[in-house]
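Q: coords please:
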Amino acid sequence: VGSNVTAAGDVDVAATTENPDDASDRRKIDSWTMAGAIGVGATKTTTLTGSGAGAFSYNAINNTTSAFISDRDPQDTSASAITTVVDSGGDVHLEAVDRSEIKSDSGGFSLALGIGLQDGAGSLSVGASISENEIGSDTERQSVTAFIDSASVTAAGDVRVGADFEADINAWSIAGAAALAGGKDGAISLSGAGARSYNDIYTDVLAYVAGESQVTAGRGVAITAVDDSYVNTDAGGFALAIAGTSGGSVGIAIGGADVNNDIHNVVKAYIDDSRVTANGFLSSSTDLDTLFGDSSALGLAVGATSTATIDAWALGASIGASVGKELAIALAGNGVGSYNTIDNTIHAYIANAQDSAEGQYDVTTTHGGMKIVAEDGADIEAVGFAGSIALQFAAPGVTIAIGVSLAENDIYNDVHAYVDQAKVSSASAFDLITHSDSIVDVYSIAAAVSASFSLDAVALSGAGANSFNTSNKTVRTSITDGSIVD
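A: Predicted coordinates for the structure are as follows:
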């Protein structure tokens, strides 16, 4: 606050969560959580055996990454005269970079084996795995910001303000349970396995010039906000139950898997209530060319882009088998659900003119063109498979197999490039572009097989799959409220 910086060369202001000399050295959580249990019993009398294993993994990152030149005290938001001045004989670069990563593997595996040598036997096995991962949350959002606020900045070269967010969540959650029982007079096997994976990204990615700032560049001005969030998650629940006896037997296996992923980011690049003048052309760079095309032809570039991606797999399989001479019952059921949402706000704009005199402009390029771009490339790929097999042998009996797969995927992005209440003058072409190109690719599959291998038996099976997908986006380009574009 109240600073005065004069430099013969470049002025670089940077904040980053990665090692500038090694991109692989980044803010990372690497979690591995596993649980296993085995229960074995064998007696001459009635034998009961049980085992259970559960794994829970919770990981959270919530960063505040900011690179800024400002005359505004964070503890005092009231406006004041500009006293922060930066004068550079080269370029002025402000860059905030967050490349957070969470890698989480969790699993719960259980085995129960019961043997009744002269009597009946029963076994119960339960396995569970839950993985929850957050980069920011709905109650406490993460932020990546680069900005010039209530300051005067002059550069002989370029002025670049960039916020770059590249988050990765890779989560693997697997549960398995097996119950085996064998007895002379009777046998019961029960197994259950469930896996869940919940992943959230809530981040504000902002790059801007605001607060009555005065920015003058000898070359060009670029303001960019980039979001490249990625969630890759796999969840699986697998259950096996086998019962065998010379009497009656029951084998029941129930499994399931559930994935729930949400990305809710705000990505904005803008000039608000400030005067910006670019007196030349931007120096070409690969990152600017990716967003704007040939950036060397531009004097001013304002761009917000998001390529948020969710890749989710939910898999489940259950097998129930029963063998008996008197009565055999086999039940198998499995259900999976995949629920994924991308709901981002992507805005690029120039807004809220100062009280300019007649013939004056708020944002001006004296040589190059001007381009404002808001771009969305959200993708969701979801695969769900639930399979059940119920088998019965020898004795009269019943087999029932049920498989259910549910999927719901939604994209609700708001994409807007605009000029609102501002006076803009471009020496060359003026481009105002909004682009949205999203993909929702879903496979929801369920299968059930029920088979009885005896003369007097009933075999029932049922499978159902549902996929409900929505792409309900708002895509706008506008010049409004008395704006002037020359």
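Q: Where does the prediction get shaky in this structure?
A: Regions of the chain meeting the criterion pLDDT under 70 cover residues 1-2, 19-27, 72-83, 354-359.
Q: what about stretch 278-290, distance to the chain center?
A: Here the centre of stretch 278-290 is set off from its chain's centre by 30 Å, with Cα atoms, centre = their mean, to the nearest Å.
Q: Now do the buried residues in that stretch.
A: Judged by neighbour count (16 or more other Cβ atoms under 10 Å), stretch 278-290 contains these buried residues: 278, 279, 280, 281, 282, 288. Any C-beta I mention is one placed from the backbone N, CA and C, and that applies to glycine too.
Q: Likewise for stretch 62-72?
A: By neighbour count with 16+ other Cβ under 10 Å, stretch 62-72 contains the buried residues 63, 65, 66, 67, 68, 69, 70, 71, 72.
Q: Export those residues to TSV and append columns for distance to residue 145 and secondary structure.
A: Compiled in TSV, those are given as follows (distance: Cβ to Cβ, whole Å; DSSP: H, G, I helix; E, B strand; the rest coil):
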residue	distance to residue 145	secondary structure
63	11	coil
65	7	strand
66	5	strand
67	8	strand
68	7	strand
69	12	strand
70	11	strand
71	16	coil
72	13	coil
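Q: hang on, the earlier thing: could the buried residues of stretch 278-290 be laid out in a markdown table, adding secondary structure?
A: Converted to a markdown table, the buried residues of stretch 278-290 look like this (DSSP: H, G, I helix; E, B strand; the rest coil):
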| residue | secondary structure |
| --- | --- |
| 278 | strand |
| 279 | coil |
| 280 | coil |
| 281 | coil |
| 282 | coil |
| 288 | helix |
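Q: Could you identify the most distant pair in these?
A: Farthest-apart pair in those is 279 and 288; separation 17.9 Å (Cβ to Cβ).
Q: if I look at the closest residue to residue 126 other than its chain neighbours, how far off is residue 110?
A: By the measure of Cβ to Cβ, 6 or more residues apart in numbering, the closest residue to residue 126 outside its immediate chain neighbours is residue 52, 4.1 Å from it. Going from residue 52 to residue 110 by Cβ to Cβ, to the nearest Å gives 5 Å.
Q: next one: residue 396
A: Using Cβ to Cβ, one obtains 31 Å as the distance from residue 396 to residue 110.
Q: Residue 29 now?
A: 27 Å.
Q: Contact partners for the residue sitting nearest the centre point of the chain?
A: For the chain, the residue sitting closest to the mean C-alpha position, by Cα atoms, centre = their mean, is residue 231 at 3.9 Å. Applying Cβ atoms under 8 Å, 6 or more residues apart in numbering to residue 231 gives the contacts 169, 171, 199, 201, 261, 263, 309, 310, 311, 312.
Q: phi, psi of it?
A: In terms of degrees, to the nearest 10, the main-chain angles of residue 231 are phi -120, psi 120.
Q: Neighbours of residue 37, how many?
A: Residue 37 is flanked by 18 other residues according to other Cβ atoms under 10 Å.
Q: Verify the stated contact: it with residue 53.
A: Yes - under the criterion of Cβ atoms under 8 Å, residue 37 lies in contact with residue 53, with a separation of 4.0 Å.
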